[in-house]
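Q: Following is a predicted model, sequence given first.
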Amino acid sequence: MTSGQLLVLGASILWILLCMRFWWAIDREHTWQRRFIAIGAGLGGGLVYLIGTMMLEMLKEEKAPEPQGGTEIRVTPRPGGAPK
């Protein structure tokens, strides 16, 4: 696992923990609020992970294509010399 993947995973876990902190703060009588917070924690954590991994893939450097062997490029000068 690279450091970028660990950072994305950490951000996702941090989001879930933050939402669950609010889940614990809500009174047990408000079950629908607690359910919505729990659903938001799961969906939000998943989206943070998904978008983070997509951004990591976009930021990867592409390898430069290797030159093919045996190909020569020759440049011939223009007739009449260099421009003045």
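A: All right, it came through fine.
Q: list the buried ones in the longest helix anywhere in the chain?
A: Longest among the helix segments of the chain by residue count, using DSSP state H, is helix 31-59. Applying a neighbour-count criterion of 16 or more other Cβ atoms under 10 Å, the buried positions in helix 31-59 are Arg34, Ile37, Ala41, Gly45, Val48, Tyr49, Gly52. Where C-beta positions appear, they are placed from N, C-alpha and C, glycine not excepted.
Q: residues touching the fourth one, list them.
A: Yep, that's Gly45 we're talking about. Ser12, Ile13, Trp15, Ile16, Cys19 (Cβ atoms under 8 Å, 6 or more residues apart in numbering).
Q: Gly69: which of these is nearest?
A: Ser12 (45.8 Å; Cβ to Cβ).
Q: can you tell me which helix or strand that closest one belongs to?
A: helix 3-25 (DSSP states H and E).
Q: now the angle between helix 31-59 and that helix, please.
A: 170 degrees (axes from the mean of the first three to the mean of the last three Cα atoms, to 10 degrees).
Q: contacting residues around helix 3-25?
A: 1, 34, 37-38, 40-42, 44-46, 48-49, 52-53, 56, 59.
Q: Return the alpha-carbon coordinates of it using CSV.
A: The C-alpha coordinates for helix 3-25 follow below in CSV (Å, rounded to 0.1, in the frame of the first residue of the first chain):
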residue,chain,number,x,y,z
SER,A,3,1.2,6.5,1.2
GLY,A,4,-1.5,8.0,-1.0
GLN,A,5,-3.7,4.9,-0.5
LEU,A,6,-3.2,5.1,3.2
LEU,A,7,-4.1,8.8,3.2
VAL,A,8,-7.3,8.1,1.3
LEU,A,9,-8.2,5.2,3.7
GLY,A,10,-7.4,7.4,6.7
ALA,A,11,-9.6,10.2,5.4
SER,A,12,-12.5,7.7,4.9
ILE,A,13,-12.1,6.3,8.4
LEU,A,14,-11.9,9.9,9.8
TRP,A,15,-15.2,10.8,8.1
ILE,A,16,-16.9,7.7,9.6
LEU,A,17,-15.5,8.4,13.1
LEU,A,18,-16.7,12.0,12.9
CYS,A,19,-20.2,10.9,11.9
MET,A,20,-20.3,8.3,14.6
ARG,A,21,-19.3,10.9,17.1
PHE,A,22,-22.5,12.8,16.3
TRP,A,23,-24.4,9.5,16.3
TRP,A,24,-23.3,8.9,19.9
ALA,A,25,-24.3,12.5,20.8
